[in-house]
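> here is my input, please return the structure:
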Amino acid sequence: LFCSQNYPLYIRSVPTENELKFHYTVHTSLDVVDEKISAMGKALVDQRELYLGLLYPTEDYKVYGYVTNSKVKFVMVVDSSNTALRDNEIRSMFRKLHNSYTDIMCNPFYNPGDRIHSRAFDTMVNSMMMQVC
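Numbers count the residues shown, from 1 in each chain. I've put the predicted structure just below:
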């Protein structure tokens with residue numbers, strides 16, 4: 001989860017032994033997200049579709065993107081050998097993340113732009129990751 005200025009609000013990776021590699025992959029994918037947003041331009045504002053789809057595949061992973069109306073970016077890296085995950089499942093996972101993020105934003109004690117430290121959000125993300133793995 002990245003804010004509109006591309007600094008991280010929330011990062012989680014499983015397995016944790018390759019965490020630095022995933023951080024690099026996610027940060028490099030932000031350039032692709034920005035390219036897609038600028039290519040869509042005003043069309044992105046007019047349509048309700050926030051899912052950017054497959055940003056780029058690598059040999060081992062597939063990187064997907066999603067952007068909110070407030071330009072908060074969601075990036076998801078999944079194992080390319082996982083054939084059970086289709087576009088519909090990825091899209092619904094992003095919607096679920098977006099809904100949970102909206103719940104955090106509605107919290108009067110959360111300052112927008114701060115890192116997310118929510119037990120409920122952690123639980124939801126962990127359950128989603130366990131379903132995928």
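> pull the distance from the helix or strand containing residue 19 to the chain's centre.
Assigned by DSSP states H and E, residue 19 falls within helix 19-40. The chain centroid and the centroid of helix 19-40 are separated by 10 Å, computed with C-alpha atoms, centre = their mean, to the nearest Å.
> packing partners for it?
Applying 3 or more C-beta pairs under 8 Å, 6 or more residues apart in numbering; DSSP states H and E, one finds that helix 19-40 makes contact with strand 51-57, strand 61-67, strand 73-79. In this view, the C-beta of every residue, glycine as well, is placed from N, C-alpha and C.
> got these as JSON lines, with distance to residue 30, mean neighbour count and mean pLDDT columns?
Formatted as JSON lines, the helices and strands packed on helix 19-40 follow (distance: least, C-beta to C-beta, whole Å; neighbours: other C-beta atoms under 10 Å; pLDDT from 0 to 100):
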{"stretch": "strand 51-57", "distance to residue 30": "9", "mean neighbour count": "15", "mean pLDDT": "91"}
{"stretch": "strand 61-67", "distance to residue 30": "9", "mean neighbour count": "21", "mean pLDDT": "93"}
{"stretch": "strand 73-79", "distance to residue 30": "7", "mean neighbour count": "20", "mean pLDDT": "92"}
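> alpha carbons only: can I get stretch 12-32 in PDB?
Coordinates of each C-alpha in stretch 12-32 appear next as PDB, following Å, rounded to 0.1, in the frame of the first residue of the first chain:
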ATOM      1  CA  ARG A  12       3.700  -7.300   4.100                       C
ATOM      2  CA  SER A  13       5.400 -10.300   2.500                       C
ATOM      3  CA  VAL A  14       5.200 -14.000   2.900                       C
ATOM      4  CA  PRO A  15       7.700 -15.800   3.000                       C
ATOM      5  CA  THR A  16       9.800 -13.300   5.000                       C
ATOM      6  CA  GLU A  17      13.200 -14.600   3.900                       C
ATOM      7  CA  ASN A  18      13.000 -12.900   0.500                       C
ATOM      8  CA  GLU A  19      11.400  -9.700   1.900                       C
ATOM      9  CA  LEU A  20      14.100  -7.400   0.500                       C
ATOM     10  CA  LYS A  21      13.600  -8.900  -3.000                       C
ATOM     11  CA  PHE A  22       9.800  -8.300  -2.700                       C
ATOM     12  CA  HIS A  23      10.300  -4.700  -1.600                       C
ATOM     13  CA  TYR A  24      12.500  -4.000  -4.600                       C
ATOM     14  CA  THR A  25       9.900  -5.600  -6.900                       C
ATOM     15  CA  VAL A  26       7.100  -3.600  -5.400                       C
ATOM     16  CA  HIS A  27       9.000  -0.300  -5.600                       C
ATOM     17  CA  THR A  28      10.000  -0.800  -9.200                       C
ATOM     18  CA  SER A  29       6.400  -1.600 -10.100                       C
ATOM     19  CA  LEU A  30       5.300   1.900  -8.900                       C
ATOM     20  CA  ASP A  31       6.900   3.300 -12.100                       C
ATOM     21  CA  VAL A  32       4.600   1.000 -14.100                       C
END
